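> following is a predicted model, sequence given first.
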Amino acid sequence: DAMVIQNPRYQVTQFGKPVTLSCSQTLNHNVMYWYQQKSSQAPKLLFHYYDKDFNNEADTPDNFQSRRPNTSFCFLDIRSPGLGDAAMYLCATSRDREGARETQYFGPGTRLLVL
Amino acid sequence: AQSVTQLDSHVSVSEGTPVLLRCNYSSSYSPSLFWYVQHPNKGLQLLLKYTSAATLVKGINGFEAEFKKSETSFHLTKPSAHMSDAAEYFCVVKDSGYSTLTFGKGTMLLVSP
């Protein structure tokens, strides 16, 4: 089945220690998104890639970076995690981005814990 | 600009009774509207979507929603709740001119035996 896969499902890191979360997709979608979701809140978009074109949200901290080496994979790098970065991180994909009909398909998420 | 208001942060029902989760939206263009469900520690699963075809949209697991332009509403309903429906539900709007989704704050559905 075509899907969005996130690894690991749970990640524990130390305060200030860089961490990388990964996302892969078998849907062959052009767009990949990273969201941060804190407890009891809606997901918040951090950035997205349209093919190789990187689009950062204005309020995304510099501490968060992303890489997309190919169509299938996208990585979220947190350079120096703080306690406030503990959250669920969701990856999503869509075929295109501008059309209203475009549906985003979400992965299962990675729960990040910062000690 | 686009926005979404989910009118209830929590809804409690008994198993076997109807479910109503309310959502109002604001949009400058012809929007698409989505309902996603999120079970604890899981990702978001698409329940259904409206994309300017039929105003009554049927989704998975017996859920449906009706797009009412005059009321700017897109309420989610299910005739009979099941224990497995207990989860958080997000109403989401997307305008054709925007590349991003706008989420409501979510409604937690609690189902009691």
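Sure thing, it's come through.
> now do the strands in the chain.
As the question left the chain open, I've gone with chain A. Taking DSSP state E to define them, one finds strands in chain A at A:4-7, A:10-13, A:19-25, A:31-37, A:44-50, A:53-56, A:64-67, A:73-78, A:87-94, A:105-106, A:110-114.
> wait, chain B was what I had in mind.
Using DSSP E, the strands of chain B run over residues B:3-6, B:10-14, B:19-21, B:23-26, B:32-38, B:44-50, B:56-58, B:64-68, B:73-78, B:87-94, B:102-103, B:107-112.
> is chain A contacted by the shortest one?
To tie it back to what came earlier, the one meant is strand B:102-103. Yes. Strand B:102-103 is in contact with chain A by CB under 8 Å from any CB of the partner chain, via residue B:103. Just so you know, the C-beta spots here come from the backbone N, C-alpha and C atoms, and that holds for glycine as well.
> sorry, back to before: looking at the strands of chain B, which is closest to residue A:20?
Among those, strand B:44-50 comes nearest to residue A:20, with 22.2 Å by CB to CB.
> what residue lies at the spatial centre of chain B?
residue B:35 (3.6 Å; CA atoms, centre = their mean).
> if you could redo that for chain A, that was the one I meant.
Nearest to the geometric centre of chain A sits residue A:34, at 2.6 Å (CA atoms, centre = their mean).
> who's in contact with the closest residue to that residue other than its chain neighbours?
In space, and not counting its chain neighbours, residue A:34 is closest to residue A:46: 4.6 Å by CB to CB, 6 or more residues apart in numbering or on different chains. By CB atoms under 8 Å, 6 or more residues apart in numbering or on different chains, the contact list for residue A:46 reads A:34, A:35, A:36, A:56, A:57, A:60, A:64, A:66, A:76.
> residue A:67 is in contact with the first one, correct?
No. Checked against CB atoms under 8 Å, the pair residue A:34 and residue A:67 is beyond contact range at 10.9 Å.
> which neighbours do these two have in common?
With CB under 8 Å, 6+ apart, residue A:34 and residue A:67 have common neighbours residue A:74.
> low-confidence ranges, chain B, go.
Along chain B, segments meeting pLDDT under 70 span B:96-99.
> what parts of it come near chain A?
With CB under 8 Å from any CB as the criterion, chain B meets chain A at residues B:29-32, B:34, B:36, B:41-46, B:49, B:51-52, B:90, B:94-97, B:99-101, B:103-106.
> just the buried residues of those.
B:31-32, B:34, B:36, B:42-46, B:49, B:51, B:90, B:94-96, B:99, B:101, B:103-104, B:106 (16 or more other CB atoms under 10 Å in any protein chain shown).
> what is the neighbour count of residue B:80?
A count of neighbours around residue B:80, defined by other CB atoms under 10 Å in any protein chain shown, yields 12.
> and it, how far from chain A?
Distance of residue B:80 to chain A, computed by CB to the nearest CB, to the nearest Å: 27 Å.
> rewinding a little: now the contacts of residue A:46 in TSV, with pLDDT?
Converted to TSV, those look like this (pLDDT from 0 to 100):
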residue	pLDDT
A:34	97
A:35	96
A:36	96
A:56	93
A:57	91
A:60	95
A:64	97
A:66	97
A:76	97
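> with that, I have no additional questions.
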